[in-house]
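Student: Okay, predicted coordinates and the sequence, questions at the end:
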Amino acid sequence: MAAVTEERGLAGPAAFTSPDGRTPTVRAILLDMIEEYARRTGHADLLREAVDGRVGEGAPADFTI
């Protein structure tokens, strides 16, 4: 992604064209990727919390490597 932003900038066209012929900006694609990643991370947190019952950030006090 760094190469694309350096080459085109955030306001430049992405290397993708939708079926209706529109080409989004690099910024739009990057924001969509961040949004999707955040959404999936939230789902993983919900599943983990359902399995072990722990909530919040950080390792439990009894965690060892």
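Tutor: Yes, it's here. Numbering: from 1, shown residues only.
Student: which residues sit against stretch 3-16?
Tutor: T23, P24, T25, V26, R27, A28, I29, L30 (C-beta atoms under 8 Å, 6 or more residues apart in numbering). To be clear about C-beta, it is placed using only N, CA and C from the backbone, and glycine gets the same treatment.
Student: And that stretch, end to end?
Tutor: Start-to-end span of stretch 3-16 (C-alpha to C-alpha, to the nearest Å) is 15 Å.
Student: Check the offset of it from the chain's centre.
Tutor: The chain centroid and the centroid of stretch 3-16 are separated by 18 Å, computed with C-alpha atoms, centre = their mean, to the nearest Å.
Student: where exactly do the helices run in the protein?
Tutor: In the chain, the segments counted as helices under DSSP state H are 2-8, 26-52.
Student: follow-up on the earlier one: could I have the ChimeraX command that selects the buried members from the contacts of stretch 3-16?
Tutor: Of these, the buried ones go into a single ChimeraX selection, burial set by 16 or more other C-beta atoms under 10 Å:
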select :26,29,30
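Student: Now flag whichever of the contacts of stretch 3-16 is closest to E57.
Tutor: Of all the contacts of stretch 3-16, E57 sits closest to L30, with 25.1 Å by C-beta to C-beta.
Student: per-residue confidence for that closest one?
Tutor: At L30, the model reports a pLDDT of 90.
Student: ok, so what distance separates it from G21?
Tutor: 21 Å (C-beta to C-beta, to the nearest Å).
Student: Least confident secondary structure element in the protein?
Tutor: Lowest mean confidence among the helices and strands of the chain (mean pLDDT, DSSP states H and E): helix 2-8, at a mean of 78.
Student: Measure how buried P13 is and give me the count.
Tutor: A count of neighbours around P13, defined by other C-beta atoms under 10 Å, yields 14.
Student: Identify the bridge partners of it.
Tutor: P13 has these beta-bridge partners by DSSP bridges: T25.
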